[in-house]
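A.B. asks: Model the following, please.
(3 chains)
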Amino acid sequence: MEFTVGQIAEVLRGAVEGDATQRIDRLAKIEEAQAGALSFLANSKYEHYLYTTGASAVIVAHSLVLRQPVAAALIRVDDPYSSFTTLLEFYQQASRTGRRGVEEPSFVGANSEIGENHYRGAFSYIGEGCRIGRDVLIFPQAYIGDRCQIGDGTIIYAGAKIYADTVIGARCTIHAGAVLGSDGFGFAPQADGSYRTIPQIGNVVLEDNVSVGANTTIDCATMGSTVIREGSKIDNLVQLAHNVEIGRHTVVAAQTGVSGSTKIGDFCVLAGQAGIAGHLTLANRTTVTAQSGVGKSIKTEGVFLQGSPAFSLRDSLRANAIFRHLPDLERRLDALEHQNTQPENS
Amino acid sequence: MEFTVGQIAEVLRGAVEGDATQRIDRLAKIEEAQAGALSFLANSKYEHYLYTTGASAVIVAHSLVLRQPVAAALIRVDDPYSSFTTLLEFYQQASRTGRRGVEEPSFVGANSEIGENHYRGAFSYIGEGCRIGRDVLIFPQAYIGDRCQIGDGTIIYAGAKIYADTVIGARCTIHAGAVLGSDGFGFAPQADGSYRTIPQIGNVVLEDNVSVGANTTIDCATMGSTVIREGSKIDNLVQLAHNVEIGRHTVVAAQTGVSGSTKIGDFCVLAGQAGIAGHLTLANRTTVTAQSGVGKSIKTEGVFLQGSPAFSLRDSLRANAIFRHLPDLERRLDALEHQNTQPENS
Amino acid sequence: MEFTVGQIAEVLRGAVEGDATQRIDRLAKIEEAQAGALSFLANSKYEHYLYTTGASAVIVAHSLVLRQPVAAALIRVDDPYSSFTTLLEFYQQASRTGRRGVEEPSFVGANSEIGENHYRGAFSYIGEGCRIGRDVLIFPQAYIGDRCQIGDGTIIYAGAKIYADTVIGARCTIHAGAVLGSDGFGFAPQADGSYRTIPQIGNVVLEDNVSVGANTTIDCATMGSTVIREGSKIDNLVQLAHNVEIGRHTVVAAQTGVSGSTKIGDFCVLAGQAGIAGHLTLANRTTVTAQSGVGKSIKTEGVFLQGSPAFSLRDSLRANAIFRHLPDLERRLDALEHQNTQPENS
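C.D. replies: Okay, the predicted model is just below:
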């Protein structure tokens, strides 16, 4: 795709300074941009890049006062960051999410309905009795089991696997290879040490605006629902076990695991590779740092946790600072013991 | 699906107290159940819920003596937990695993055999020379490479990927996105610092009644077999490297990794996000707690391990209890040093 | 496949001692081999196995002097290890990677080109405008989005998912279920605590000879490229976030995660389940041990890191040695305090 600086300025309702006929074929960071690229400057900290950038054009604020000559064309707007994000969204729409129509072969089971203006890729599978909204994108090789419900504007990327009876809200994004609704890991130990499988008959429910990363797994509930509430963002390779609940606008970073029946509050942040034990409750606005392991419920809002086992971030930082110097500590203890065993007046 | 309380009682050979004509359309926990739901009461600790539950019917023991009036219909049986599990199994069978027949397009290579009463979903792939038993379910987009063997009653969920030469026993469950038989991670360092790939020509063998979770990866052996023995249960996103052996009735929780050539015994439990180094042996009945990292073989049966690096759970709990208070320990050491440098009679 | 000892010796340009007509149908380790198997002896440490092995034939060095009679036929070569690896490569080629041709149904979008001598499995998907080299294997149910480029001799295993605009070099291996190009995890917090998705318009670039393990996820860059340089080997279930760069001939073991915008140098080793925080730089030849968490950039080459948070391996080993004995340390401190509070001459 290629546009002129003038065309882009028109979309953004901005004013051009410099050559409006220059051609733009990509977006780039101001410090990396080369000819043909459009950049933006939102933070005055980076203003010096404006005078050296190779970009053909830069989006800047109306209020910016130039201190040196600029080679690039300028597009003046009210809020450069917001304008640039609009362009990014437009670009993503054009390159990835603008596709509509049906590629064959694809499979749709009996009694399933799908709204208008959708995309169904080749080798995608929709089971029986599904209710799927409008403007939904179902990429190739995605699997949607029987009786699933999917809201308007949701995107299911290639090869995502949605087991039967899953409910997904509107404007959700499910990335490639994610699995929703696999059996919870429930096995009853028998007298001979073997395990009997406990059937898992619940489902997974995602509210609106939820994002699920690539190859993430979310198990169905034993009974009832595993629930991800509105606006929460789940990264890649995350494991959410049966009957977990993730609150509203909570962020779960990559490779984190939440064990069965644990409830995470609203506005929480679980950093990467963290683990949360089963049957716990984490209050709203809890933050768990990377690789931490939480073994107790958190009742106070706004707590920061670190360590495995985790405790308060502040205490953890202090304990870790001393941990590194444990050999010194022991040497000091040796010295004191040696001193104390010497006769006072030797 | 909808049944009357009377129909369900008949299946369970139970006796009804109350209205046997009430209609049941789902199963639920006694504390969460509402009209239309069937629950059970197995543990007297939860008896108080019986008098307040919204369930239409509850399965209880013949021996239970009511202490208050109950609104729900009762189904009296010998063992309520076992009866309820039977219903769960029946429900799962009806909703997920009862499907039979072939959906097209699907692919079967030359010289492959598959037993009667099976399901092959659309876009499933079976390579050449496979031997697949009866009552096997192969969900849509599953991949089974050449020369695989799969036992009776095994379920391969959507999009699972089984490389060539894999052997799977009877009544196994392979969840969506699991990968069996990918190349072991073997690379020989060369003089210039680059790596030469060591071909991996072994396979993966699963004995009977093994369960493999969603998006779990099990590498093939370099030569010989990576083996999961009878009845073991592997959770989601687990990594089992080349030439690993998992004993009988061992449980491996989510996101745990076992490195190359390590042998895990029978009746072991590896909790979530644990890591086991390569070329180790863990004795039968070893338990590794969550996020622990095991770097040494364990020869004694029944050991509990914690920490990274892991040592005995009891010692780890004690060391961790002091770890949190390391700043206090240092302050006490400071005080002693200060004391000792003061003249005795100052 | 079955060959005679004589045929194999001819391929290896080796000399046979013993029965050259014996039939070989598999390769095995010398200590595990049985009749029909071919083994090798490269390390004199294992010479004793030569006199007891059940193998039908063993590859040995010309220089080996027998100290006992050997039942197996011998194939004498210059370098037994190298000869055996050649056979392994030949075997893998024959059993897995020798397939050519197209299985139907498969999907190729408009304006895509693919070189000669390739394999495209059933239900594989190639989008629009792709440029794919010769000798490329695309296994069943693999997904290749629009405008991807793939070099000669690359193998894409079953169900791998390659998003639009990904660039893959020559002789790469992408294992089953791996996801390349999923959206970076970028969300801008809003005033009300919710998150706005930051569009991710960059791509993933793999240079030549890169290996990507099963179910590994590599996110596209926000802008620009997430890059894996020549010869690097990525294991299963690894997470590489947006704008990460992995240097040349670097090894990343299973379940490790690298956060956004971090640059890993050449010839590095990241062991299993390690985590690297975002926006860091690790110098060439950095080694991170298993389960470690790196929170700071490393500027010196050749450093070994351990722990979470990680510091130098040597210091970490010392600190951990004392950590286990913290209860002893505290008891010694108690004793000193007790001593110091006692009157000198009591």
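
A.B. asks: And what about the residue lying closest to A:Gly302 once chain neighbours are set aside, helix, strand or coil?
C.D. replies: Leaving aside its sequence neighbours, A:Gly302 sits nearest to A:Arg285 (CB to CB, 6 or more residues apart in numbering or on different chains; 4.6 Å). Every C-beta, even on glycine, is put in place using the N, C-alpha and C of the backbone. The local conformation at A:Arg285, judged by DSSP: H, G, I helix; E, B strand; the rest coil, is coil.

A.B. asks: what's the pLDDT at A:Arg285?
C.D. replies: Per-residue confidence at A:Arg285 stands at 98 (pLDDT).

A.B. asks: Dihedrals phi and psi, it?
C.D. replies: Per-residue torsions, A:Arg285: phi 60, psi 20 (degrees, to the nearest 10).

A.B. asks: That one touches A:Phe267, doesn't it?
C.D. replies: Yes: counting by CB atoms under 8 Å, A:Arg285 touches A:Phe267, with 4.8 Å between them.

A.B. asks: Identify the contacts common to those two.
C.D. replies: Counting by CB atoms under 8 Å, 6 or more residues apart in numbering or on different chains, no residue touches both A:Arg285 and A:Phe267.

A.B. asks: Where does pLDDT dip in the stretch 1-150 of chain A?
C.D. replies: Residues of the stretch 1-150 of chain A meeting the criterion pLDDT under 70: A:1.

A.B. asks: and it, which of its residues are near chain B?
C.D. replies: Applying CB under 8 Å from any CB of the partner chain, we find that the stretch 1-150 of chain A lies next to chain B at A:105, A:107, A:123, A:125, A:141, A:143, A:145-146.

A.B. asks: Buried ones among those?
C.D. replies: Buried by 16 or more other CB atoms under 10 Å in any protein chain shown: A:107, A:123, A:125, A:141, A:143, A:145-146, out of the residues of the stretch 1-150 of chain A next to chain B.

A.B. asks: Would you map the helices across chain A?
C.D. replies: Taking DSSP state H, the helices of chain A run over residues A:5-12, A:47-50, A:80-92, A:313-323, A:326-341.

A.B. asks: May I see the ones you listed organised as JSON lines, with mean neighbour count and distance to A:Lys161 added?
C.D. replies: Formatted as JSON lines, those follow (neighbours: other CB atoms under 10 Å in any protein chain shown; distance: least, CB to CB, whole Å):
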{"stretch": "helix A:5-12", "mean neighbour count": "18", "distance to A:Lys161": "38"}
{"stretch": "helix A:47-50", "mean neighbour count": "17", "distance to A:Lys161": "44"}
{"stretch": "helix A:80-92", "mean neighbour count": "18", "distance to A:Lys161": "24"}
{"stretch": "helix A:313-323", "mean neighbour count": "17", "distance to A:Lys161": "37"}
{"stretch": "helix A:326-341", "mean neighbour count": "15", "distance to A:Lys161": "47"}
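
A.B. asks: The ones you listed: which one's closest to B:Ser211?
C.D. replies: Of all the helices of chain A, helix A:313-323 sits nearest to B:Ser211, with 36.4 Å by CB to CB.

A.B. asks: out of the buried ones among the residues of the stretch 1-150 of chain A next to chain B, which touch chain C?
C.D. replies: Near chain C, by the rule CB under 8 Å from any CB, you find A:123, A:141 out of these.

A.B. asks: Could I get the helices of chain A in CSV, plus columns for distance to C:Thr86?
C.D. replies: Shown next, in CSV, are the helices of chain A (distance: least, CB to CB, whole Å):
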stretch, distance to C:Thr86
helix A:5-12, 58
helix A:47-50, 54
helix A:80-92, 48
helix A:313-323, 50
helix A:326-341, 50
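
A.B. asks: Quick check: which of those helices is nearest to B:Ala277?
C.D. replies: Closest to B:Ala277 of these is helix A:313-323 (CB to CB; 22.1 Å).

A.B. asks: ok, that closest one near chain C or not?
C.D. replies: Yes: with CB under 8 Å from any CB as the criterion, chain C is reached by helix A:313-323 at A:320, A:323.

A.B. asks: Not counting its own residues, what contacts that helix?
C.D. replies: Under CB under 8 Å, 6+ apart, the answer for helix A:313-323 is A:287, A:289, A:304-307, A:310, A:329, B:323-327, B:329-330, C:309, C:319, C:323.

A.B. asks: Can you tell me, leaving aside adjacent residues, what's nearest to A:Gly169?
C.D. replies: A:Asp208 (3.8 Å).

A.B. asks: And for A:Asp165?
C.D. replies: That would be A:Asn203: by CB to CB, 6+ apart, it lies 4.2 Å from A:Asp165.

A.B. asks: Burial check on the one you found, number of neighbours?
C.D. replies: Residues lying near A:Asn203 (other CB atoms under 10 Å in any protein chain shown) number 24.

A.B. asks: ok so, going back, quick one, what contacts the residue nearest to A:Gly169?
C.D. replies: A:151, A:169-172, A:230-231.
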